[in-house]
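**Student:** Sharing a sequence plus its predicted fold:
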Amino acid sequence: MRTLLFCGLLIGSCVADGGNLLKNGSFELGSPGGVPENWHFAASGAAQAEIAVTDESATDGKQALRFASTSARQPNVYGMVVQEAPLRAGVPYVLKFKAKGENANGFLVCIGKGWHLRFRPQGIGPEWRSCSYRFTLKPEQLEKNGKAPVVLIVEDTAGKILIDEISITEEGNAVVSPAEFQRERVCVVPEFSGELSKLRTIPAGVPVMKIPSSPEFSGTGAVPDPKRFSAEAALMHNERGLIFLVEVKDSSPNPGEGELMWKNDSVQIRLDQAGLANDRANESDLEFGVSVGKTGTIRTWNYSGGGELPADSSQWFGHRGRDGYFIAGVIGWNYLAALKPPYFTFNVVVNDLNANKRRDVYFLTPGLHDAKYSTQYVKALLDTGRPVLGASPANLLSTDAFTGTLVGANLKAPLRLEAAVTDGAGRVHLVPLREIPKTGAGDMIKLEYAIPAGNLADGECRIEFRANGEPLAGYAVKKADLIKQQSARLDAALRRLETLRRELANEKSEYVRLPLNVLGDFLPRFRERMDRAGDKRLHAERLLMVMPDAEAALDDLERLAGELKRGRKLPVTWRYIPGPIRLAEGWPKAKLQSSDGRVEERDVVFAGYGHFANMRRDFPNFPKYGANVIQIERGPRSLYPRRGEKREFDPDFSDLEREFGPMLAESWANGMPVVLLISPHYSPEWWEKAHPEAKLASGFLKYNIAHPEARRMMKAYIRDFLGRLRQQPYAAAIHSICILNEPTFTGTLQEPFLRGEFRKYLEKKFGSVAAFNRAAGGEFPSFDAVVEAGVKNPAVDAEFALYRRSEMKNWAKFLADEVRAVWPGMPVHAKIMIMNSTFDKSHAIDPEMFAEFSDYNGNDNYGNYKEGGYLSDWVQFALGHELQFSMKPASIVNAENHIIRDSERRPIPNDHIYTANFQQHVTGASALVTWVWVDYSPESARNTHKDLQGNIALRPGNVIAQGIAALDAVRLAGELKAFTAYEPEIAILYSPTSTAFNPALLKNELFKFYAQSAFTGHRLRFLSEKQLVEGKLGKTRLLFVIGSANVSRVAADALAKFPGKVVTDRHSLRFDEFNQPLKLAFRPEILPDFIKAPELKKRYFDPVVPLPVELEGDCDGIFFRVVPDGRGGRLVNLVNYTEAPRKLRLKSELAFFDLIREEAFDNEFELPPLKPLLLRAK
């Protein structure tokens, strides 16, 4: 193995001091179309190259330098501009410039005599990007006059290249003193040897970070008065784990808890455990929150995984004084599995809910409050007393250079830093980074590097960073051309597809045709777009995101082809025939046609896409992709573009006649009914200006739903729009009408109109202020005083929350009634954010109220990949659906099905998509409209809203997975319906009262308990306070009260009379609806803290409902449900939500049949992650 030494190569720096040694580096001197002053133009080999000043775009000033060439690359054919710069041998310099372009080929910068130093920036595209290189000249690279030529060259066909702000400066000092740690965003994490519980302040001598350090790091744009607020944070470590210390001065305590604690006084900490310093979130990141209660009680929340930080892996202590609070905590190394000591990066945000109930945000660096990225986080090294280095790579694949940032601590001077790169051929290349003659006590080093890849052999490489010859850090990279790599990958996929097309040409099943259709549309489109693209790198980067799922789909299809050759018979498929849809027992029925020609009315489920008109061009494709429903929207703004002359609301039907109506007709012609969102949030701008009295200060809606003008506007809209729409021949396309999109009512008592309405509400409900005082334990002299006390009084705050809920219910019922008045028989629902709004009292949403007037239970729900503490965030769907279905046995329309996070750039496994959708049908969904179908080119990404980026329309494997899940669900709709047809005998109390006082506690505890219950084989329902009081108990014999600190007095009385068994956790049944102590007339059994599934099942569930099927093996994380099938047998559903396969056994006297594959099933099996089973046992 040879070791090669490279000197004077490109190594970037984090700090540059001194002036620019190039003249006119911003090209402001010189006229557009001419050569810039101080630069000289030349062409070699009759090159057809143009280099001139331009004012079309610039980053500094008004001008840049434009390069273009029609000459293809060949020896000694190029255009150039050159300037001699006063550079010296042996001095480290930094070359920086900004570049953008189209078809930007053949640009390079050469420095020094002989042009031996050559810097070729890769990936120049349509957006300005910064380039930075470090170099050191040798004496022989200087001209006789002591200067060095700096040459800017174009040597290949180039459409347009723009260069601006080119500079060469002497490299700055890489040594960072302790006083500069925060400014340079580095820190040493010292060891701690004391007792955390005894700390009341950050120990002396520990490096601290001030939050905020300047107005730049304040959400208010100003540093708060230190008498009111200030914060400092520090990190330490010991043998148990990583220690977090935060000291906050805050004169108005407003602590929070649960996943919404960020809305209150709390500290958010995000660890980039792997030290990747990425421009996006990493799977290895850990984000958590900590809040200190008024008595010093600590509450935590794991934002990355859901739930509180586990007590066996973390320990927290809190102290709250008159002027603020102090936090000391440790998270165990076992929990920080992705953190590889000594290096990581971190960020801290301190949330302050001030005395005016306004949330102020202060942060250590960007990348947590604004969005999730770690490029600017503090780079930290654990101090073990030994020399340490840490590296954050900026790229892991390149043919140009591998760049990043290197930090170090405990390094003794004189210091020699270098990188040893082992390339794909096994050769070792030594790259000098920096020689540092002197460091002070406690100093760190920080420098940016760019290790050249030009002389490395292709393939896997290993970079090892050394300090005085000792290897201290490193990581693996790959030398490869991203464009060539991804292009070859795409070509390989196209060849596999063509082979499969030939092999499966005679197969007619939709299980074969659907994936062939999707891949046959997407893969050639990827190839065509990349071939004609000016900036092919953008397309290569897109392929990194979408090709893994496409290749996985090809793998599945190849396996299927093999099974078919071995004699497997595929199930019959069923397709919806456009026609009437009727609701029976809350589920839709319609005529369907089978793949073998039968036509029957059957149970049916729907799955498709939304939500904007841009998807219209794919309407013909949707049926062959397995979609059978869409959602589109229209609001009052489109019908009333201007105020009427004779009456205020004078409809203009041109949009309906020219755009929206034909779009509905096309959808119907392609066999896809439409979930129509009537979008009250799209109010006419002229109307908003004409009625300032109806304006709302904040919220999704811009107007006050309690104001009469709001009703007048929507009544006119529904009458005019639906009245005309109903008369059209394509009116049959409407599946249902969604009356509200993500409804919230965030009105406050700051608004005079609501103050008056709230007072009327109090008078109507209580009659007199004396009655209110008796109920609430208050001493208010009048209702005006009650209103004046407002949200500062817990009882008044809760009552105001109930008032706003009542207004929301009245508003939604009004809209539903208006729709039914115009269009009798049309199913109605609303898109409530079931798992957000239900547990956020500011939203004013109670799903039980919406159930009263809804034909379907409508929602907007989410379950993302690797979130919620599982491989797929299933609890959001399962719990939310169960809650709605329990309030009313009507199937779910999830009209905004979030199964891919907005702005997602990771490849998403197809199994996640299939499982997320199929399991929603198991838990009650009859229609899923996946967010969102927007096909945008890589070039247009910068003009595409971030919420639309990375969506499913870009991901062919994910489209196939949704389509296959829909085929299975339509075929098995009757069996899926049986899971909600079963009436559970075990229930959990749903307490709207608790959501008005402590929704975070309720959600947190419900989340944990419900998840464990789902691993037992039993289905649990919810029973609301209202149902309990009214005696509508169903078959409930065992009732759990979980996380419900507050329940109404009448509900508490009903619990005492409940004919079955009541079991409660230690948090519940403490206060009434006015936050007064609750006196119980019975003694419930107390549930052990965080009881696990096996004990729940054995001790509580099985004695009530014995199951004929048991699951043996490690069942933690295995969704397991057994229900009657209505035919004397049982249905069994299993999903592994962990990251590893599980060996399991079904214990039963019954035989099992796999309904998805339609084949016999062995009761001993290995269950892979995210591969649902639906079995019949009989």
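**Tutor:** Everything's here; your move. Numbers count the residues shown, from 1 in each chain.
**Student:** and the helix or strand hosting Gln884, what's its mean pLDDT?
**Tutor:** Applying DSSP states H and E as the criterion places Gln884 in helix 874-887. On average, the pLDDT along helix 874-887 is 98.
**Student:** That helix - contacts with which helices or strands?
**Tutor:** Helices and strands touching helix 874-887, by 3 or more CB pairs under 8 Å, 6 or more residues apart in numbering; DSSP states H and E, are helix 834-837, helix 847-851, strand 857-862, strand 892-898, helix 910-922, strand 986-990, helix 999-1013, strand 1021-1024. Where C-beta positions appear, they are placed from N, C-alpha and C, glycine not excepted.
**Student:** mind showing which ranges of the stretch 551-700 of the chain have poor pLDDT?
**Tutor:** Counting by pLDDT under 70, the stretch 551-700 of the chain has no low-confidence residues at all.
**Student:** Recalculate using a threshold of 90.
**Tutor:** The stretch 551-700 of the chain contains residues with pLDDT under 90 at 613, 696-700.
**Student:** Now do the helices in it.
**Tutor:** Secondary structure of the stretch 551-700 of the chain by DSSP state H, counting those that start in this stretch: the helices cover 636-639, 654-655, 661-669, 685-690.
**Student:** I'd like those helices laid out as CSV, including distance to Ile678 and mean neighbour count.
**Tutor:** Listed next are the helices of the stretch 551-700 of the chain as CSV, based on distance: least, CB to CB, whole Å; neighbours: other CB atoms under 10 Å:
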stretch, distance to Ile678, mean neighbour count
helix 636-639, 8, 22
helix 654-655, 14, 14
helix 661-669, 13, 18
helix 685-690, 16, 14
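**Student:** For Asn24, find the nearest of those helices.
**Tutor:** Relative to Asn24, the nearest member of those by CB to CB is helix 685-690, separated by 48.3 Å.
**Student:** What's the first helix or strand after the closest one?
**Tutor:** Using DSSP H and E, the helix or strand that follows helix 685-690 in sequence is helix 708-717.
**Student:** Pull out the buried positions in that following helix.
**Tutor:** For helix 708-717, a neighbour-count test (16 or more other CB atoms under 10 Å) marks 709-711, 713-717 as buried.
**Student:** ditto for stretch 1143-1157
**Tutor:** Of the residues in stretch 1143-1157, 1144, 1146, 1148, 1150, 1152-1153, 1155-1156 count as buried by neighbour count, 16+ other CB under 10 Å.
**Student:** Equivalent analysis for stretch 813-820, please.
**Tutor:** For stretch 813-820, by 16+ other CB under 10 Å, it's 813-816, 818-820.
**Student:** Alpha carbons only: can I get it in PDB?
**Tutor:** Output of stretch 813-820 as PDB, limited to C-alpha atoms (Å, rounded to 0.1, in the frame of the first residue of the first chain):
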ATOM      1  CA  LYS A 813     -73.700  22.400  12.200                       C
ATOM      2  CA  PHE A 814     -74.800  25.600  10.400                       C
ATOM      3  CA  LEU A 815     -72.700  24.700   7.400                       C
ATOM      4  CA  ALA A 816     -73.900  21.100   7.400                       C
ATOM      5  CA  ASP A 817     -77.500  22.100   7.700                       C
ATOM      6  CA  GLU A 818     -77.100  24.600   4.800                       C
ATOM      7  CA  VAL A 819     -75.500  21.900   2.600                       C
ATOM      8  CA  ARG A 820     -78.300  19.500   3.300                       C
END
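**Student:** tell me the mean pLDDT over it?
**Tutor:** Taken as a whole, stretch 813-820 has an average pLDDT of 99.
**Student:** that older thread, out of the buried residues of helix 708-717, the closest to Ser251 would be?
**Tutor:** Checking those against Ser251 with CB to CB, the nearest one is Ala710 at 39.0 Å.
**Student:** residues touching the residue lying closest to the closest one once chain neighbours are set aside, list them.
**Tutor:** Distances taken as CB to CB, 6 or more residues apart in numbering put Tyr703 closest to Ala710, at 5.2 Å, once the chain neighbours are dropped. Residues near Tyr703 by CB atoms under 8 Å, 6 or more residues apart in numbering: 683, 688, 691, 694-696, 709-710.
**Student:** and if you look at Lys227?
**Tutor:** Ser251.
**Student:** With adjacent residues omitted, what lies nearest to Arg462?
**Tutor:** Closest residue in space to Arg462, ignoring its immediate chain neighbours: Thr422 at 4.5 Å, by CB to CB, 6+ apart.
**Student:** Sorry, wrong one. I was asking about Ala281.
**Tutor:** Closest to Ala281 by CB to CB, 6+ apart is Lys372, at 4.0 Å.
**Student:** Do I have it right that that neighbour meets Asp279?
**Tutor:** No. At 10.0 Å, Lys372 does not count as touching Asp279 under the criterion of CB atoms under 8 Å.
**Student:** who has more neighbours, these two?
**Tutor:** Lys372 (19 against 14; other CB atoms under 10 Å).
**Student:** beta partners for the closest residue to Arg575 other than its chain neighbours?
**Tutor:** Among residues not flanking Arg575 along the chain, Gln593 sits closest, at 5.5 Å (CB to CB, 6+ apart). Per DSSP bridges, the residues bridged to Gln593 are Arg575, Val599.
**Student:** hang on, Gln593 packs against Thr573?
**Tutor:** No. Applying CB under 8 Å, one finds Gln593 not in contact with Thr573, separated by 9.6 Å.
**Student:** More neighbours: those two, which one.
**Tutor:** Applying other CB under 10 Å to Gln593 and Thr573 shows that Thr573 carries more neighbours, namely 22 against 14.
**Student:** I'd say that one and Ser509 touch.
**Tutor:** Yes. Contact criterion CB under 8 Å: Thr573 and Ser509 qualify, at 6.8 Å.
**Student:** So for these two, which residues contact both of them?
**Tutor:** Contact criterion CB under 8 Å, 6+ apart; residues bridging Thr573 and Ser509 by contacting each: Ser595.
**Student:** all helices for the stretch 351-500 of the chain, in order.
**Tutor:** Here the stretch 351-500 of the chain has its helices, by DSSP H, counting those that start in this stretch, at 482-503.
**Student:** Closest to the centroid, which residue in the protein?
**Tutor:** Arg901 (3.9 Å; CA atoms, centre = their mean).
**Student:** what sits against that one?
**Tutor:** Counted by CB under 8 Å, 6+ apart, Arg901 has contacts 864-865, 867, 950.
**Student:** distance of the residue nearest to Arg575 from Ala733?
**Tutor:** Noted for Gln593: a distance of 19 Å to Ala733, by CB to CB, to the nearest Å.
**Student:** tell me which residues in the helix holding Gln884 are buried?
**Tutor:** Buried, per 16+ other CB under 10 Å, within helix 874-887: 874-887.
**Student:** Go through the residues you listed and say which is closest to Gln63.
**Tutor:** Nearest to Gln63, judged by CB to CB, of the buried residues of helix 874-887 is Gln876 at 52.9 Å.
**Student:** State the distance from the closest one to Gly1113.
**Tutor:** 26 Å.
**Student:** So if we follow the domain assignment, how does this protein break up?
**Tutor:** Per the record, the chain has its domains at 17-170, 191-382, 388-479, 582-749+800-981, 983-1105, 1107-1178, by automatic domain parsing.
**Student:** Quick check: which of those is nearest to Lys760?
**Tutor:** That would be domain 582-749+800-981 among the domains of the chain, by CB to CB, at 9.6 Å.
**Student:** how long is that closest one end to end?
**Tutor:** Taking CA to CA, to the nearest Å, domain 582-749+800-981 runs 18 Å from one end to the other.
**Student:** How far away from the center of its chain is it?
**Tutor:** Chain-centre distance of domain 582-749+800-981: 20 Å, with CA atoms, centre = their mean, to the nearest Å.
**Student:** Would you mind writing the CA trace of the helix or strand containing Arg774 as PDB?
**Tutor:** Assigned by DSSP H and E, Arg774 falls within helix 769-776. These are the backbone C-alpha positions of helix 769-776, laid out as PDB (Å, rounded to 0.1, in the frame of the first residue of the first chain):
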ATOM      1  CA  VAL A 769     -73.000  35.300  38.800                       C
ATOM      2  CA  ALA A 770     -73.800  33.800  42.200                       C
ATOM      3  CA  ALA A 771     -74.500  30.400  40.500                       C
ATOM      4  CA  PHE A 772     -71.200  30.700  38.600                       C
ATOM      5  CA  ASN A 773     -69.300  31.400  41.900                       C
ATOM      6  CA  ARG A 774     -70.900  28.400  43.600                       C
ATOM      7  CA  ALA A 775     -69.900  26.100  40.800                       C
ATOM      8  CA  ALA A 776     -66.400  27.600  40.200                       C
END
